[in-house]
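Visitor: build me a model from this:
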Amino acid sequence: MLHVAIATRAFRRYSTYRAATLAGIFTNSVFGIIYSFAYLALWSVNSTAGGYDATDAVTYVWLGQALLMTIALWGGGSPDDLAERIRSGDIAIDLYRPVGLVGWYLASDLGRAAYHLLTRGLAPTVVGFVLFDIRLPDSPAAALGFALAVPMAVVVSFAIRFLVASTAFWLLDQSGVKVMSGAFAIFFSGMMLPLVLFPGWLGVVARALPWAAYVQVPADIWLGKHSGWDLVRALGFQAFWIVVLLGLCHLVLSAATRKVVVQGG
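Guide: Down below sits the predicted model:
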């Protein structure tokens, strides 16, 4: 199958950067340790902050480190390749391919995500298990829900990054929009601070935005905060944003290809 082949090639592409992977594992582990002690200090003052206990909080830290590169929080992956191809004019080749552009780049990004999950996701988590008290899923449903939530988080992230990259059709350079998108992702995904700590209306809004599907939703599923129909609703939240955002990707791409002027000739 074509899309499986694309994902496999992307996996192999990223597996060639072994030194960068090892450096990333070290960096994620160091930041995981720093954040863990910071969270332990916070939860020593308020032991039930946001409905988490100290073990939940530390577990949340290491889940965040595992998902950081998997979901490409700050951008990157195949959408960055798309933006560069728009800038250079090579996008014309992509548009002639007998395959949908969104599906092509999504398959490539899923291959990238799989590699990062197995390396920069798994290795720092092992460090967290060795050094701290990490909570495991308390039921098969939570484990299965997390296994479904992670790829869905990647797809939500991909769709947003694809939309950001598509601004290059009009702006020629996605850099400014990418920086703004990254800032929103850090704040509203729960990576900087769990969204359960956000007060009042800010927490309600943050948990309704698509960035919550990146980290907060998978982490809460792992921690057992969603069960039964609430687990289904959490996964449904991610599925809703997948449908909406991928639909927007197709609409934006359709509008862009009707107006596009290929750069470079």
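Visitor: quick check: L122 touching M69?
Guide: No: if you go by Cβ atoms under 8 Å, L122 and M69 don't touch, sitting 11.4 Å apart. Any C-beta I mention is one placed from the backbone N, CA and C, and that applies to glycine too.
Visitor: more neighbours: which of the two?
Guide: A count of neighbours by other Cβ atoms under 10 Å puts M69 above the other of L122 and M69, at 26 against 13.
Visitor: so what's the more buried one closest to, chain neighbours aside?
Guide: Nearest residue to M69, sequence neighbours excluded (Cβ to Cβ, 6 or more residues apart in numbering): H116, at 4.2 Å.
Visitor: that neighbour and A10, how far apart?
Guide: Distance check for H116 against A10: by Cβ to Cβ, to the nearest Å, it reads 11 Å.
Visitor: now R97. Nearest residue, chain neighbours left out?
Guide: By the measure of Cβ to Cβ, 6+ apart, the closest residue to R97 outside its immediate chain neighbours is W104, 6.9 Å from it.
Visitor: how many other residues sit next to the one you found?
Guide: Neighbour count of W104, defined by other Cβ under 10 Å: 17.
Visitor: now do the same for it: its pLDDT.
Guide: On pLDDT, W104 comes in at 89.
Visitor: measure it to L2 for me?
Guide: 8 Å.
Visitor: just checking, which helix or strand of the chain averages the lowest pLDDT?
Guide: Lowest by mean pLDDT, DSSP states H and E among the helices and strands of the chain is helix 91-96, with a mean of 78.
Visitor: which strands or helices does the helix or strand following that one pack on?
Guide: Sequence-wise, the next helix or strand downstream of helix 91-96 (DSSP states H and E) is helix 101-116. Here helix 101-116 touches helix 2-15, helix 78-88, helix 91-96, helix 140-166, helix 229-259, going by 3 or more Cβ pairs under 8 Å, 6 or more residues apart in numbering; DSSP states H and E.
Visitor: can you list contacts of helix 101-116?
Guide: If you take Cβ atoms under 8 Å, 6 or more residues apart in numbering as the criterion, helix 101-116 is touched by 2-4, 6-11, 13-15, 69-72, 77-79, 81-82, 94-95, 97, 151, 154-155, 158, 161-162, 246, 249-250, 253.
Visitor: just the buried residues of that helix, please?
Guide: Buried residues in helix 101-116, counting neighbours by 16 or more other Cβ atoms under 10 Å, are found at 101-102, 104-116.
Visitor: what about it, distance to the chain center?
Guide: With Cα atoms, centre = their mean, to the nearest Å as the basis, helix 101-116 stands 12 Å off its chain's centre.
Visitor: before we move on, what about stretch 197-208?
Guide: Computed by Cα atoms, centre = their mean, the chain-centroid distance of stretch 197-208 equals 20 Å.
Visitor: please save the CA atoms from it in PDB.
Guide: The C-alpha trace of stretch 197-208 is given here as PDB (Å, rounded to 0.1, in the frame of the first residue of the first chain):
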ATOM      1  CA  LEU A 197      -4.400  23.800  36.700                       C
ATOM      2  CA  PHE A 198      -5.800  26.600  34.500                       C
ATOM      3  CA  PRO A 199      -8.400  28.500  36.500                       C
ATOM      4  CA  GLY A 200     -12.100  29.200  35.600                       C
ATOM      5  CA  TRP A 201     -13.000  30.100  32.100                       C
ATOM      6  CA  LEU A 202      -9.400  29.900  30.900                       C
ATOM      7  CA  GLY A 203      -9.300  26.200  31.800                       C
ATOM      8  CA  VAL A 204     -12.600  25.600  30.100                       C
ATOM      9  CA  VAL A 205     -11.400  27.300  26.900                       C
ATOM     10  CA  ALA A 206      -8.000  25.600  26.900                       C
ATOM     11  CA  ARG A 207      -9.500  22.200  27.300                       C
ATOM     12  CA  ALA A 208     -11.900  22.800  24.300                       C
END
